[in-house]
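In: next one to model:
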Amino acid sequence: MHKTILVLSIFILVVACGQKNNSAKKNTKNYSTIKDSLTAQIDKINRNGKIVGFSVAMVDSTGILYNEGFGFADSTTQKQYSTQTIQPIASISKTLIGLSLFKAQEMGKLNLDEPINKYLPFKVSNPNFPETPISIRQLAIHTSSITDSDSFWESDYILIEKDHKKGTGIPEYFNKPKTKISLADFLKNLLTEKGDLNNGESYSSNKPSAKFDYSNVGSNLCALVIESATGIPYQTFTTKYILEPLQMTSSSWNSKNIESKNRSTLYATNSQIMADYTTIGFPASGLITSSADLGKFLSELIKGYSRKGSLLSKESYDELFKKQLTKSQLPEGVDANSGIFMDYSKKGLGYNGYDPGLMAYMYFNPESLVGKIVLINTDTDFDEDVRPTLDEIYNVLGEYELKFK
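Out: Below you'll find the predicted structure:
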């Protein structure tokens, strides 16, 4: 009797395992079908040739759901753009400033509502409102009254090479190769009364906290506050507390620190190379990464939004994503909002970035908790079809959002 029961139990177990394995195979097959279908749709867009190369990723709290590269990282050599191809991501870099602020606050090194002059090595104040202090939070939500003057734009971009091939795209605001000054010196020259780059346009006529005014200079100053408060260089701080814990091994603030063979060439148009450049204000725009690595970061943001993140406390993540702007601070007719270096837009919650030769989207849907990334190596200013192509790719990802769930 006992033997019969034992044999019957084993039989039931084997059948159950078989059904489970068959179910797993079926799910895997369906998942592969979905990915193949998505790849086919994006590849069709790629064939119009408007964007030289790009990669896309879809993620959730468990990690990457889909990640593929399309087109070329270098059209001359026909090197494919892959999930491991690296390129700058422009203003998406600012999202690391947000996480770093809260990490420094958790360490007891600063408080977001304290004045920035408590930490900076030089004094910063709006000359139109000299008695009104500027807070760290105001820098982080772009209400500091610090603006991006022409002096900033004309000084930030620096060519890496002196000589270039004929036909290379070189915007007129790119500077010749020179010794790169420190971020602190750059900001001091822009923002202090006797600074060499202070042309009187570094501050707005709005009182601090009165109005939203997007500022790269203010963002870079926020990174300098972190550096000054913690005593740790910003590059080192973000590497230690963000990139390394998330195993973002293909990400860096300096291309010399990562595999140059994976670096994408940037393009002014689909037939014109953009000159290679760097920026002095790197915290606001200078992170170099791949869609695979950025997917790890976005997955962490989704977990943080769900109060399950590993980099910050639940309370810090709550504050990171909390809508910070009042209606009076927003421009008239604007129905968006902002967390701490975290934008609420029609694309979702996250950030986008543009710099010469590239554009990038990184957002997640707060309802489905699925994130989408698109990185392209082609400028959107010189061909009016590039930006719509980028948006078309992003929208296709949106169509597959629930299918992956």
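
In: in contact with the spatially most central residue of the chain, which residues?
Out: The chain has residue 92 as the residue nearest its centroid, 2.2 Å off, counting by C-alpha atoms, centre = their mean. Listed by C-beta atoms under 8 Å, 6 or more residues apart in numbering, the contact set of residue 92 reads 287, 294, 350, 351, 352, 353, 360, 362. No exception for glycine: its C-beta is placed from N, CA and C like everyone else's.

In: from those residues, which land in helices?
Out: residue 294 (DSSP state H).

In: neighbour count, distance to residue 271 and pLDDT added to the contacts of residue 92, as JSON lines?
Out: Formatted as JSON lines, those follow (neighbours: other C-beta atoms under 10 Å; distance: C-beta to C-beta, whole Å; pLDDT from 0 to 100):
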{"residue": "287", "neighbour count": "28", "distance to residue 271": "28", "pLDDT": "97"}
{"residue": "294", "neighbour count": "27", "distance to residue 271": "27", "pLDDT": "98"}
{"residue": "350", "neighbour count": "23", "distance to residue 271": "31", "pLDDT": "98"}
{"residue": "351", "neighbour count": "23", "distance to residue 271": "30", "pLDDT": "98"}
{"residue": "352", "neighbour count": "19", "distance to residue 271": "25", "pLDDT": "98"}
{"residue": "353", "neighbour count": "21", "distance to residue 271": "23", "pLDDT": "98"}
{"residue": "360", "neighbour count": "27", "distance to residue 271": "22", "pLDDT": "98"}
{"residue": "362", "neighbour count": "28", "distance to residue 271": "28", "pLDDT": "98"}
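
In: quick one: the residue nearest to the centre of the chain and residue 71, what's the gap?
Out: Counting by C-beta to C-beta, to the nearest Å, the gap from residue 92 to residue 71 is 20 Å.

In: return the helix or strand in this structure with minimum mean pLDDT.
Out: helix 2-46 (a mean of 60; mean pLDDT, DSSP states H and E).

In: could you count how many residues lie near residue 310?
Out: 9 (other C-beta atoms under 10 Å).

In: how about the one 10 residues further on?
Out: A count of nearby residues for residue 320, using other C-beta under 10 Å, gives 23.

In: now do the contacts for it.
Out: Per C-beta under 8 Å, 6+ apart, neighbours of residue 320: 98, 99, 102, 304, 312, 339, 340, 342.

In: again with residue 374
Out: Residue 374 touches 54, 55, 56, 360, 361, 390, 393, 394, 397, counting by C-beta under 8 Å, 6+ apart.

In: in three-state terms, label the first one for me.
Out: Following DSSP: H, G, I helix; E, B strand; the rest coil, residue 54 is assigned to strand.

In: residue 217 and residue 145 touch, don't they?
Out: No. Checked against C-beta atoms under 8 Å, the pair residue 217 and residue 145 is beyond contact range at 11.1 Å.

In: which ones are touching the closest residue to residue 320 other than its chain neighbours?
Out: Of all residues not flanking residue 320 in the chain, residue 340 sits nearest, at 5.0 Å (C-beta to C-beta, 6 or more residues apart in numbering). Neighbouring residues of residue 340 by C-beta under 8 Å, 6+ apart: 98, 101, 102, 112, 137, 140, 141, 319, 320, 322, 324.

In: okay, these in TSV with pLDDT, secondary structure and distance to residue 32 next?
Out: Shown next, in TSV, are the contacts of residue 340 (pLDDT from 0 to 100; DSSP: H, G, I helix; E, B strand; the rest coil; distance: C-beta to C-beta, whole Å):
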residue	pLDDT	secondary structure	distance to residue 32
98	98	helix	36
101	98	helix	41
102	98	helix	39
112	98	coil	46
137	98	helix	46
140	98	helix	42
141	97	coil	43
319	98	helix	40
320	98	helix	35
322	98	coil	39
324	97	coil	42
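
In: any low-confidence regions in this structure?
Out: By pLDDT under 70, the weakly predicted segments of the chain are 1-30, 259.

In: tell me where it has helices.
Out: Under DSSP H, the chain gives helices at 2-46, 94-106, 136-140, 150-156, 183-191, 216-230, 234-238, 282-285, 291-305, 314-321, 386-399, 401-404.
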